[in-house]
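S.K.: need the 3D shape of this:
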Amino acid sequence: MSHAYKPIDCAFHDALLEAATLRRLVEIVFRNEAGEVQTFHDRIRDVFTRAGEEFLVLERGQMIRLDHLLLVDGRPANRA
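M.R.: I've put the predicted structure just below:
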């Protein structure tokens, strides 16, 4: 698994912010640090940038780097 951050598409980022603002329940499919695909059904609590990398935090406390996202509500996580 690559450790260099790869930015996501701006429209996809905006959709994450909208889901967080509206506190909508979403299905998040992502690849964890071990390379395994995981799926969560949760609300996005925050979307933020730290040290040039973008993350989201779910209500359950799980933090996910945005370039590890595969799908959100069935929408592919396009890379910029």
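S.K.: so where do the helices sit in this structure?
M.R.: Assigned by DSSP state H, the helices in the chain fall at 10-22.
S.K.: center of it, which residue is that?
M.R.: L66 (4.1 Å; CA atoms, centre = their mean).
S.K.: name the nearest residue to that one, sequence neighbours excluded.
M.R.: E54 (4.2 Å; CB to CB, 6 or more residues apart in numbering). For the C-beta atoms, the positions are set from N, CA and C on the backbone; glycine is no exception.
S.K.: so for that neighbour, what's the pLDDT?
M.R.: The per-residue pLDDT reported for E54 equals 96.
S.K.: just confirm E54 contacts D46, I think it does.
M.R.: No: taking CB atoms under 8 Å as the definition, E54 is not a contact partner of D46, at 11.1 Å.
S.K.: show me which of the two is the more surrounded one.
M.R.: E54 (18 against 12; other CB atoms under 10 Å).
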